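K.L.:
let's see this in three dimensions:
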Amino acid sequence: MATPPARTDDLAIRRPRQERTRQAWARILDAGVALIEEGGYEAFTIAALCEKAQVPPRALYDRTTSKDALFLAVYEHGIARITADERAFARPDRWQDLTPEELITAAVTELTGLFRRHAAFLRHIVLLSGAHPEVLRRGRAHVHTLADTFTARLLSVRDHITHPDPETAVRQCFATVFAACVVRTAHGPDLATPPVDHDTFTAHLALTATRSLLATHPAA
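P.N.:
From the prediction side, this is the model:
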């Protein structure tokens with residue numbers, strides 16, 4: 001029998017108001033991310049979290065009575081770190097004076113770099129999303145936002161994109177690069193191809209992207 005979805009109130013977190021409790025909550029969130037990086041959802045236990053954060057169980061139960069709510073709060077904390085890195089796509093100085101090919105290559109490099117820097121966290125989250133509907137739902141929303149950001153950046157050279165539908169072409173480009181990163185992060189570099197280092201992996205994807213977007217295409 002399928003597990004019923006958790007009610008919204010079961011996932012609520014009572015935010016700390018005092019400075020001392022805010023500091024303890026920050027330690028809990030950091031410790032939770034570290035536990036996920038080390039061992040995934042199986043490593044995320046109340047006992048392990050208390051030990052790593054150096055807090056008593058009450059510090060957790062004061063925030064929520066649901067382990068799943070606690071896990072999702074930690075998940076959001078980990079995702080916030082990735083989102084902070086994604087702001088690079090919105091920095092104009094990062095993309096000035098680049099040729100279309102250089103810009104596409106830089107955007108692909110930025111995306112593969114996100115996965116590389118956060119691989120320890122994302123590896124377990126990607127694998128968990130297949131069995132955790134709420135993680136999947138939140139992850140899908142985050143990916144859609146990232147896709148929009150990536151697309152907007154590449155469409156700054158839309159006049160050079162030779163595909164008859166530039167936006168669709170860029171979104172498909174994102175999907176290809178993203179999927180390759182997900183597979184590499186979750187299952188290792190040798191699941192579908194002979195293993196290569198990160199720079200070679202990125203170079204192959206950048207070449208695929210530039211040839212796809214800047215090559216001459218037959219009429220739609």
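K.L.:
contacts for the strand or helix carrying Phe121?
P.N.:
Here Phe121 sits within helix 119-129, counting by DSSP states H and E. Residues external to helix 119-129 that are found in contact with it (Cβ atoms under 8 Å, 6 or more residues apart in numbering): 33, 36-41, 75, 78, 81-82, 115, 135-136, 139, 182, 185-186. Using the backbone N, CA and C atoms, a C-beta is placed for each residue, glycine as well.
K.L.:
following that helix, which helix or strand comes up?
P.N.:
Assignment by DSSP H and E places the next element after helix 119-129 at helix 133-154.
K.L.:
okay, buried residues for whichever helix or strand comes after that following helix please.
P.N.:
Of the helices and strands lying after helix 133-154 in sequence (DSSP H and E), the nearest is helix 166-187. Residues 166, 169-171, 173-174, 177-178, 180-182, 184-186 are the ones in helix 166-187 that count as buried (16 or more other Cβ atoms under 10 Å).
K.L.:
for the residues you listed, which one is nearest Pro16?
P.N.:
Among these, Thr185 lies closest to Pro16 (Cβ to Cβ), at 32.7 Å.
K.L.:
state the pLDDT value of the closest one.
P.N.:
Note on Thr185: pLDDT of 97.
K.L.:
surely it is in contact with Phe115?
P.N.:
Yes: the pair Thr185 and Phe115 passes the contact test of Cβ atoms under 8 Å, sitting 5.1 Å apart.
K.L.:
mind checking how far the least confident helix or strand in the chain by mean pLDDT is from the chain centre?
P.N.:
Ranking every helix and strand in the chain by mean pLDDT, DSSP states H and E puts helix 57-61 at the bottom, with a mean of 88. Taking Cα atoms, centre = their mean, to the nearest Å, the mean C-alpha location of helix 57-61 is offset from the chain mean by 28 Å.
K.L.:
now swap in stretch 122-129 and tell me
P.N.:
With Cα atoms, centre = their mean as the basis, the mean position of stretch 122-129 lies at 10 Å from the chain mean.
K.L.:
ok, stretch 67-86 next?
P.N.:
Computed by Cα atoms, centre = their mean, the separation of stretch 67-86 from the middle of its chain amounts to 10 Å.
K.L.:
just stretch 180-189 next, same as before
P.N.:
With Cα atoms, centre = their mean, you get 13 Å for stretch 180-189.
K.L.:
equivalent analysis for stretch 183-192, please.
P.N.:
With Cα atoms, centre = their mean, you get 16 Å for stretch 183-192.
K.L.:
quick one: residues in contact with it.
P.N.:
Against stretch 183-192 from outside (Cβ under 8 Å, 6+ apart): 115, 119, 122-123, 126-127, 195-196, 201.
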